[in-house]
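> The following block contains a protein sequence and its predicted model.
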Amino acid sequence: MQSQRYIADIIVTCDANGSIYSPGVIDIEEGKIAWVGRLGDEEETDLQVNEIGGLLMPGLVNAHCHTPMTLVRGAGDGLPLGRWLTEAMWPREGKMNEDDAYWGMTLGSAEMFRAGVTSSCEMYLFEEAIVEAAKTSGARLIMTPGVFKSSYSESRLQNFTDFYNRHHNPEGKITVGIGPHSAYDLGIPACVELAEFARSLDLLFHIHLAETREESSRLESEHGKSIVEILSENGILDGKVLAAHCVWVNDNDISLLADANVSVAHCPVSNMKLGSGIAPIEKMLEKGLIVGLGTDGPASNDTLDLWEEVKIAGLLARVNSLDATLVTPFEALGMATRESAKAVGLERVGSLQTSWEADMIRIDTNYSTFTPSTNLNETLAHLVWSGANREVTDVWIGGSKVLSEGDLVTIDEERALREVRERAFRLAGV
């Protein structure tokens, strides 16, 4: 890992103040940002100087994903969530093994790197294989091992503890949480126990919540309350909670989530594809909720390109409220960077600031989608609304390149493609 100085045409920091430097300079030392600012304000340096042009910004953070589902991409298209899970996903995933998950994660990481995604919060089984794949690729990973009713046991909790002790490293690239699938699958008592377990280790508690209108109808009928109220009254929302989707929530639910400091992973493309509905993120943002962006799995999206979420999250909020002033480009970028990082429990990630992690991407702006740009507001608008994944040329994670001038550095993409193709046929029973 070399210490370097980079000079870019534009640096979009995605910090809370919306700082943009044009042209800008950023110094990277030992994987961290040593300085960032306007060209001409920098001090003399012995660092290697690279005039790279283009636009530098933080890497995107995928706040909710099941990346190994690259192996089942496209299966069950056209089914609603319940049938999609039981008829298309779970039968194939039931045949998966550790090696399948490793190669599914590896291919998905290649896809994310090409789109400028440097971190992902994964909810899945085969957590050891996913960690191994991330260590090989250099991805930043928040691993929340999946918990389902069919696999839940005391021994599974002990396995989580051992897994946490082996891999949780906030100073490195791997952090660990726990991922109970949902209250409708596990039931309330199990969710209570898992939430208490998560709090005992100060873990991120990552759960699907109110994704569809029908999913929690049995629980809501039994308790006479919304699923959010049920979780709140049982203490399940206490601690560090990341709730994925939150489509079917009312004003009172949103207030309860805000009071408990729950973070939300908004997955608009998956919600649209499965016909789940439109999450009222404009109301969540008004209440001060942290809202990050996730792709969900590549089988319900069907891509890991978080730039689609950046654009569609803003557009859906505007059309849902009939208000074109909602979700500015600055806010949309923030949801995919610093807010997603906060949502998944990452510190010093998601913004280009001194002492923060050097997770950043370079975008080539010499394309029609960035033309014309007569001021920085227009450049931000182009970045958010015009689609930028094809212009990502370079990606750094912790100061180390994983994509260099469009070429993957740490992943053998051809082998990953071959492995996933072959394994997918076995899972499909073909």
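Looks like it arrived, so ask away.

> which residue packs closest to Leu417, ignoring adjacent ones?
Leu107 (6.5 Å; Cβ to Cβ, 6 or more residues apart in numbering). For every residue, glycine as well, the C-beta is placed using N, CA and C.

> What is the burial count for the one you found?
27 (other Cβ atoms under 10 Å).

> May I see the buried residues of the helix or strand harbouring it?
Assigned by DSSP states H and E, Leu107 belongs to helix 98-114. Neighbour-count burial for helix 98-114 flags 100-114 (criterion: 16 or more other Cβ atoms under 10 Å).

> So, low pLDDT: which residues of the stretch 1-150 of the chain?
1 (pLDDT under 70).

> Sketch out the helices for it, chain order is fine.
81-83, 90-93, 98-114, 127-137 (DSSP state H, counting those that start in this stretch).

> now the second one: how far from the chain's centre is it?
Okay, so that is helix 90-93. Put simply, helix 90-93 sits 23 Å off its chain's centre (Cα atoms, centre = their mean, to the nearest Å).

> before we move on, what about the longest one?
Averaged C-alpha coordinates place helix 98-114 at 15 Å from its chain's average position (Cα atoms, centre = their mean).

> Ala313 reaches Pro329, doesn't it?
No: here Ala313 lies out of contact with Pro329, judged by Cβ atoms under 8 Å, at a distance of 11.6 Å.

> who's more crowded, the two?
Set Ala313 next to Pro329 and count neighbours by other Cβ under 10 Å: Ala313 wins out with 25 against 20.

> so how far is stretch 17-33 off the chain centroid?
That offset, for stretch 17-33, works out to 23 Å (Cα atoms, centre = their mean).

> What of stretch 27-41?
26 Å.

> so who does Lys240 touch?
Shown in contact with Lys240 (Cβ atoms under 8 Å, 6 or more residues apart in numbering): 177, 198, 202-205, 345.

> Of all pairs in the residues you listed, which one is the farthest apart?
Ala198 and Gly345 (11.2 Å; Cβ to Cβ).

> got any residues that touch both of the two?
Contacts common to Ala198 and Gly345, judged by Cβ under 8 Å, 6+ apart, are 177, 204, 240.

> Okay, buried residues for stretch 137-152 please.
137-148, 152.

> do the same with stretch 45-60
So, applying 16+ other Cβ under 10 Å, buried residues of stretch 45-60: 47, 52-60.

> Check Glu391 and give its pLDDT.
pLDDT, Glu391: 89.

> Just to check, it is in contact with Ile363?
Yes: using Cβ under 8 Å, Glu391 is in contact with Ile363, at 4.8 Å.

> on that earlier part again, make TSV from the helices of the stretch 1-150 of the chain and add distance to Pro170 to it.
What follows is the helices of the stretch 1-150 of the chain, written out as TSV (distance: least, Cβ to Cβ, whole Å):
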stretch	distance to Pro170
helix 81-83	34
helix 90-93	30
helix 98-114	21
helix 127-137	15
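
> nearest to Ser270, of those?
Counting by Cβ to Cβ, and looking across all of the helices of the stretch 1-150 of the chain, nearest comes helix 81-83 at 9.4 Å.

> Among the contacts of Lys240, which are located in helices?
Of these, the ones assigned to helices by DSSP state H are Ala198.

> Can you say which of the contacts of Lys240 are buried?
177, 198, 203-205, 345.

> Adding pLDDT and distance to Asn320, write these out as TSV.
What follows is the buried ones among the contacts of Lys240, written out as TSV (pLDDT from 0 to 100; distance: Cβ to Cβ, whole Å):
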residue	pLDDT	distance to Asn320
Gly177	98	30
Ala198	97	32
Leu203	95	33
Leu204	98	28
Phe205	98	28
Gly345	98	28
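
> Any chance of those in a markdown table with distance to Ile278 as columns?
Below are these laid out as a markdown table (distance: Cβ to Cβ, whole Å):
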| residue | distance to Ile278 |
| --- | --- |
| Gly177 | 27 |
| Ala198 | 29 |
| Leu203 | 30 |
| Leu204 | 26 |
| Phe205 | 25 |
| Gly345 | 27 |
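
> what's the neighbour count on Phe160?
Based on other Cβ under 10 Å, the number of other residues close to Phe160 is 23.

> centre of the chain versus whichever strand or helix holds it, how much separation?
Using DSSP H and E, Phe160 sits within helix 154-167. The chain centre lies 23 Å from the centre of helix 154-167; the measure is Cα atoms, centre = their mean.

> go on, stretch 37-45?
The answer for stretch 37-45 is 33 Å, by Cα atoms, centre = their mean.

> contacting residues around that stretch?
By Cβ under 8 Å, 6+ apart, the list of residues contacting stretch 37-45 reads 5, 7, 21-25, 27, 35.

> let's see it at 6 Å
5, 21, 23, 25 (Cβ atoms under 6 Å, 6 or more residues apart in numbering).

> partners of the last one in the sheet?
Using DSSP bridges, the beta-bridge partners of Val25 come out as Ile7, Gly37.

> For it, which residues are in contact?
7, 39, 42.

> tell me, how many neighbours does the first one end up with?
By other Cβ under 10 Å, the residues close to Ile7 number 17.

> can you check Gly187 too?
When neighbours are counted by other Cβ under 10 Å, Gly187 comes out with 13.

> how about it, what does it touch?
Not one residue lies near Gly187 by Cβ under 6 Å, 6+ apart.

> Now do it, the pLDDT please.
96.

> Near Pro23, how many other residues are there?
14.

> how far away is it from Glu171?
Distance of Pro23 to Glu171, given as Cβ to Cβ, to the nearest Å: 32 Å.

> Met49 reaches Arg5, doesn't it?
Slight slip there: residue 49 is Val, not Met. Yes: in this structure Val49 lies within contact range of Arg5 using Cβ atoms under 6 Å: 4.7 Å.

> State the helix or strand in which the closest residue to Val228 other than its chain neighbours lies.
Spatial nearest neighbour of Val228, excluding adjacent residues (Cβ to Cβ, 6+ apart): Asp253 at 3.8 Å. For Asp253, the element it lies in under DSSP H and E is helix 251-259.
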